[in-house]
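A.B. asks: Sharing a model that was predicted from the sequence below.
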Amino acid sequence: MLFVKGLGLLILIAAIFFAPMFGLYYLMRFIFRSLNNNRTEKRADLKYAEMILSSKFVYYQKLNENDKTKFLKRLINFIDNKEFQGCGGIELTEEMIILISASAIQLTFGLDEFLLDHFSRIFIYPNVYYSRINKQYHKGETNLAGAIVLSWNHFLEGYTKPHDKVNLGLHEMAHALRFDKFKNYDYDYFFNTYFDKWQAIAKDEFKRTKEGSSPFFREYGGTNANEFFAVCVESFFESPAEFKKLHPEIYKHMCILLNQDPLANPFITDQNTPRISSNQNQPVSGNLLYASSSNAKSILSLIFAIGFWLWFSITNLKDGFSLDIILFSMAMLITGYFIMIRAFSKIHFYDNGIIVSSLIPDVLYKKNEFSYDEIVSIEFINEHGDDVSDTIKLTYLSNGKIRSRSFSDNFISNAVLRIADILQSKKIAVKLKSL
Ligand SMILES: [Zn+2]
C-alpha cells in the first residue's frame, strides 16, 4: 500500500515539475520560429521574387491575382524552410533560389501541404556532377536522407524548352513529394491516399512504358514506379493537351491527385478544383458480381448484448422500475445500433460500382452507392488470422475530400482473391492485410 502511495506521489511531483518545462519549451520554440521567420524576410525579398517570377516563370504569369499572392506566400515559406547550397564552384544567387523553389510550388499548388518538409537541403551544381554513391554523372537526384540535388544548367533547360516533356525541377520535386511520406513528416494526406488510385489507373501504361512501347511517355519512366510518376508530372505540365488526348483517364486522375488542371482556364482557383468537379455520381447498375454474407460473430455478439440487457432489466425490476434501467436500456440501444450498422452492412459488387446496404437506416453515412471511378481503395483486413476477412475499409472521394467507412463482413479467402481480381480490373487499389 505504501509503495502504491509512494508511486502516486512520485507521478504527481513529476507532473508538477514537467508541466511548466513543457510550457517553457513550446514558448521558446514559438519565439525561435518567429525570429527565424523575420530572418527570412531579409533572405527572400517579396518584391524581388515577384519581379523574377513575373518575367521568368510562365506558370506564375498565368495565375489570377489571388493565386499569385498565394504562390508568393508559399514560395517565401518554402525558401524559409530550406537550406540552399551552391556546389562545384557555382555562385548561388537569389534568382536561382526563387526559380528552383517556384518549381516545387508549381507542383504542389493544389495541395494543402507544400513544404516537402523532409527535404531540408537543396544542393545546386553548375552542370552534371559526379555522384560518389553510384559512381555516375547525374543531372539531379532526390535522396531519402533529405537532400535534393540539381544541375542548374539542366534545371534552366527544363523551363526554356517548355514543351519537350523534360523538366528536371519538376521531376526531382515529384520524387520529393512522393518520398515525403516515407519519413513521416507533414506530408499531404490527400496526395498520399489518392496516389494508390492514380497508380491503379496508370498501371497498364506503366507496363507499356517499361516495354518501351508507350506512344507518349519516354522510356526512362519505365525504370520503376517512382520514375514513372516523375515522368508523368513532367508531361502533365509540359504537354497537357497531348497527355489528355492520348491518356484521358490518367490525365483526369492526375488532375484530381494534384488538384490542378493545366488545361483549364483559369487553371487554378479555390472554388473550381478538379477534385470536386470530377465527382459525378452515376447510379450503380449492371450484373451483381458478388454479394457478401452476414457476419456470424456479429450475430452472436448481438444475441449476447440482448441477453445481457434482459438479465440486467429483470434482476433490477424486482425493486421496481428505476432510472438505472432507463439509462442502461438507452445505452444498450445506442450500442446495439452501432453493432447492427457495423455488423449487418452487406457489400454488393456490380459491374460499375458498389452498393453497401444496411439492415437498419444508417444515419452516419449519407452515401451508399459508389461508382468504381470514385473509389480510391478497398482494404480487406483479416484480424484473426483465419481464412475469413473481418473488416472491409472502403476509401472513396466525396465532394473533393477523402472519406472512408469500415464494416465487418464475412469473406472466404478465395472469394477475397476473386473480388480483388475483379476490383483490380476496375482500376481500384486493393490491399489485403493480416493483423
Ligand atoms: Zn528520377
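C.D. replies: Alright, I've got the coordinates.

A.B. asks: Secondary structure class of His232, three-state.
C.D. replies: Actually, residue 232 is Cys rather than His. Secondary structure assignment for Cys232 (DSSP: H, G, I helix; E, B strand; the rest coil): helix.

A.B. asks: gap between it and Ser329?
C.D. replies: Cys232 is 57 Å from Ser329, where distance means CB to CB, to the nearest Å. In this view, the C-beta of every residue, glycine as well, is placed from N, C-alpha and C.

A.B. asks: element containing Asp421, please.
C.D. replies: In this assignment (DSSP states H and E), Asp421 forms part of helix 413-425.

A.B. asks: What are the buried residues along that helix?
C.D. replies: Residues Ala415, Val416, Ile419, Ala420, Leu423 are the ones in helix 413-425 that count as buried (16 or more other CB atoms under 10 Å).

A.B. asks: same for the ion: which of those residues are within range?
C.D. replies: With CB under 5 Å from the ion as the criterion, the buried residues of helix 413-425 include none near the ion.

A.B. asks: which stretches of the stretch 251-400 of the chain form helices?
C.D. replies: Counting by DSSP state H, counting those that start in this stretch, the stretch 251-400 of the chain has helices at residues 274-277, 296-317, 323-343.

A.B. asks: let me fix that: the stretch 51-200 of the chain
C.D. replies: For the stretch 51-200 of the chain, the helices defined by DSSP H, counting those that start in this stretch cover 58-61, 65-81, 94-108, 152-160, 168-179, 189-210.

A.B. asks: For the ion, find the nearest of these.
C.D. replies: Judged by CB to the ion, the one of the helices of the stretch 51-200 of the chain that comes nearest to the ion is helix 168-179, at 5.5 Å.

A.B. asks: which other residues reach that closest one?
C.D. replies: The contact list for helix 168-179 (CB atoms under 8 Å, 6 or more residues apart in numbering) reads 99-100, 103-104, 106-108, 116, 118-119, 139-142, 144, 148-151, 154-155, 157-159, 188, 191, 195, 226, 229-231, 233-234, 237.

A.B. asks: Does Tyr396 touch Ile378 like I think?
C.D. replies: No. Using CB atoms under 8 Å, Tyr396 is not in contact with Ile378, being 9.3 Å away.

A.B. asks: circling back: so for Cys232 and Ser329, which residue has more residues nearby?
C.D. replies: Neighbour count, other CB atoms under 10 Å: between Cys232 and Ser329, Cys232 has more, with 26 against 13.

A.B. asks: Enumerate every residue touching the more buried one.
C.D. replies: By CB under 8 Å, 6+ apart, the contact list for Cys232 reads Ala202, Phe217, Gly221, Ile250, Met254.

A.B. asks: What residues does the stretch 151-300 of the chain have near the ion?
C.D. replies: Proximity of the stretch 151-300 of the chain to the ion, by CB under 5 Å from the ion, involves residues Glu227, Ala230.

A.B. asks: Low-confidence stretches in the stretch 151-300 of the chain?
C.D. replies: Applying pLDDT under 70 to the stretch 151-300 of the chain picks out residues 184-185, 265-272, 278-281, 294-297.

A.B. asks: If we ignore the residues flanking it in sequence, what's nearest the residue nearest the centre of the chain?
C.D. replies: Nearest to the mean C-alpha position of the chain, by CA atoms, centre = their mean, lies Asn192 at 2.4 Å. Leaving out its chain neighbours, the residue that sits closest to Asn192 by CB to CB, 6 or more residues apart in numbering is Lys181, at 4.8 Å.

A.B. asks: Check which residues of stretch 62-82 are buried.
C.D. replies: 63, 67-68, 70-72, 74-82.

A.B. asks: And the furthest pair within the contacts of Cys232?
C.D. replies: Spanning the widest gap among those are Gly221 and Met254, at 13.4 Å by CB to CB.
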